[in-house]
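# What shape does this take:
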Amino acid sequence: MKLLNLISLVLCAASLGAGPIRGDLNGDGVLDEAEIVWTEGTKILPDLIITLKNKDRPDQKIKSPKAICLGCGGPKAIMDHPLGELSIIKGILVITYEGGARSVWKDVFRWRLDSSKKNLVLIGRTYEIEDNFGEYAKEKVDANYSTSKIDRTIGKKKKSCSFDSSKKIYLSKYDFAEDRTDDLEKLEKACPMKETVN
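Model (predicted):
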């Protein structure tokens, strides 16, 4: 099992466009898959497909049609490339979005399988933004949805808070383009700090 996790770490820290990434999401010792799938002639945006591989029964697929983002490539990737990076690390699906120009941002979402709901539930989010001109201090919001705790940093100032995470967020229903800003504002309001100018 330890060897399988090690293989997952090596195989799955891959950029998109290289086919499915693999890792054990449900702890059964079988490598599951996550992949961005383009369906020609049906829609503009691709689907994120999670396939839970099984030894003795049919594979289970979880589709997330709106958890992707075009134009989130930012300075580290092609601007029309969906998402930034997709990986599976120690049984957790990690989706990293990047973007920005003067202010460069990175938004990392961590999803864990909820077998009872046959879906993946959000357990963590880390948002960072940095001003390339150095006028504004670097900001970071690190939210743990399992413990309902937020660690927020602006420049050298740090603050820890609690927030209401009782409403579960599931991957199949998550709309990154529509929900990300509102959700981030809720986290920031739960742990208020003043913006710092350098």
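
# okay, how far is it across stretch 134-150, tip to tip?
End-to-end span of stretch 134-150 (CA to CA, to the nearest Å): 25 Å.

# what sits up against it?
For stretch 134-150, the external contacting residues (CB atoms under 8 Å, 6 or more residues apart in numbering) are 103, 121-131, 151-156, 160-165, 169, 184, 187-188, 190-191, 195-198. Heads up, the C-betas are built off the backbone N, CA and C, glycines and all.

# can you rerun that using 6 Å?
With contacts defined as CB atoms under 6 Å, 6 or more residues apart in numbering, stretch 134-150 is touched by 122-130, 151-155, 161-163, 165, 187, 191, 196, 198.

# I'd like to know which of those residues are part of strands.
122-130, 151-154, 161-162 (DSSP state E).

# Which one of those residues is nearest to Gly29?
Of all those, Ile123 has the smallest distance to Gly29: 21.7 Å, by CB to CB.

# For that closest one, grab the count of nearby residues.
20 (other CB atoms under 10 Å).

# for the chain, what helix or strand is lowest in average pLDDT?
Using mean pLDDT, DSSP states H and E, helix 2-12 stands out as the lowest-scoring helix or strand of the chain, at a mean of 31.

# Wasn't Lys140 part of a strand?
Yes. Read with DSSP: H, G, I helix; E, B strand; the rest coil, Lys140 is one of the residues of a strand.

# By residue count, what's the longest helix in the protein?
helix 176-190 (DSSP state H).

# Residues touching that one, excluding its own?
67, 69, 127, 141, 143, 150, 161, 163.

# measure Ile123 to Ile129 for me?
22 Å (CB to CB, to the nearest Å).

# wait, I meant Lys140
Lys140 is 8 Å from Ile129, where distance means CB to CB.

# Pull up the overlap in contacts between the two.
Between them, Lys140 and Ile129 share no contacting residue, judged by CB under 6 Å, 6+ apart.

# Buried ones among the ones in strands among the contacts of stretch 134-150?
Among the ones in strands among the contacts of stretch 134-150, those buried by neighbour count (16 or more other CB atoms under 10 Å) are 122-130, 152-154, 161.

# per-residue pLDDT, the nearest residue to Asp131 once chain neighbours are set aside?
Excluding the flanking residues, the one nearest Asp131 by CB to CB, 6 or more residues apart in numbering is Ser103, at 5.3 Å. On pLDDT, Ser103 comes in at 85.
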